[in-house]
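Peer 1: quick one: sequence and predicted model below, then my questions.
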Amino acid sequence: MYGAILGFIGILLSVILYFFDLTLESWVQWVNLVVVLAVMAYCLVAYRKEYLGGYGTFGQIYLMALAIGIISTILGAIFTYILYTVIDPELIDKVKLMAEDRIMNNPRIPENRADDILERMQGRFTPVRMVRSSLVGGVIFSAIIGLILAAFIKKSRPENPVA
């Protein structure tokens, strides 16, 4: 349930950004990060309160963070596929142009190296490859964020002092 909440909030945010034509803006990734952190933290605290009696070990919270992340990643990947194949098939070309522009205008990348990077990059911009990389990246991201959030959200039961 919590993974679906995070997944649908992520999809809703993506749809809003898409309609305002902000999908390719570089600052959007920071907004997404803040939203994911806030929603996942909320879901983990709610899980701890609702299902664990207000207390949870690092391991319990971390496993739930992984479950939430995996489910939301799957939902996001499905949306990504639909976005790039049904809603706006031309968006892939816009992403390619944006990536090409960033590579060509990066002063730290030599011109001869930029051509090699662009050549290797061309095959990676297909809906299937983008979905696959979002699945892998989403799971890795969830694992890292889960570690961080579990460290803060865990809550040990108070020990009963011996009388």
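Peer 2: The structure has been received and is ready for your questions.

Peer 1: quick check, residue 73 in contact with residue 136.
Peer 2: No - judged on Cβ atoms under 8 Å, residue 73 makes no contact with residue 136 at a distance of 9.1 Å. (Glycine included, C-beta is placed from N, CA and C.)

Peer 1: those two: which is more packed in?
Peer 2: The residue with more neighbours, out of residue 73 and residue 136 and counting by other Cβ atoms under 10 Å, is residue 73; that gives 23 against 12.

Peer 1: read off the pLDDT value for the more buried one.
Peer 2: Residue 73 is assigned a predicted lDDT (pLDDT) of 94.

Peer 1: do the same with residue 61
Peer 2: In this prediction, residue 61 carries a pLDDT score of 95.

Peer 1: distance check, it against residue 108.
Peer 2: Using Cβ to Cβ, to the nearest Å, one gets 40 Å for the distance from residue 61 to residue 108.

Peer 1: the two: which has the busier surroundings?
Peer 2: Shown here are residue 61 and residue 108; by other Cβ under 10 Å, residue 61 has more neighbours (24 against 5).

Peer 1: quick one, what contacts the more buried one?
Peer 2: Residue 61 makes contact with 44, 47, 48, 146, 149, 150, 153, 154, according to Cβ atoms under 8 Å, 6 or more residues apart in numbering.

Peer 1: what's the separation between residue 48 and residue 96?
Peer 2: Residue 48 sits 43 Å away from residue 96 when distances are taken as Cβ to Cβ.

Peer 1: equivalent analysis for residue 44, please.
Peer 2: In this structure, residue 44 and residue 96 are 37 Å apart, going by Cβ to Cβ.

Peer 1: cool, residue 62 as well?
Peer 2: 37 Å.

Peer 1: point to the helix or strand of this structure where mean pLDDT is at its lowest.
Peer 2: For the chain, the helix or strand with the lowest mean confidence is helix 111-122, at a mean of 76 (criterion: mean pLDDT, DSSP states H and E).

Peer 1: what is the next helix or strand after it packed up against?
Peer 2: Moving toward the C-terminus from helix 111-122, the next helix or strand (DSSP states H and E) is helix 127-153. Counting contacts by 3 or more Cβ pairs under 8 Å, 6 or more residues apart in numbering; DSSP states H and E, helix 127-153 packs against helix 28-51, helix 58-82.

Peer 1: outside of whichever helix or strand comes after the last one, which residues touch it?
Peer 2: Looking back up the chat, that one is helix 58-82. Using DSSP H and E, the helix or strand that follows helix 58-82 in sequence is helix 91-104. Here helix 91-104 makes contact (Cβ under 8 Å, 6+ apart) with 23-24, 83-84, 109, 114, 117-118, 121-122, 125-127, 130.
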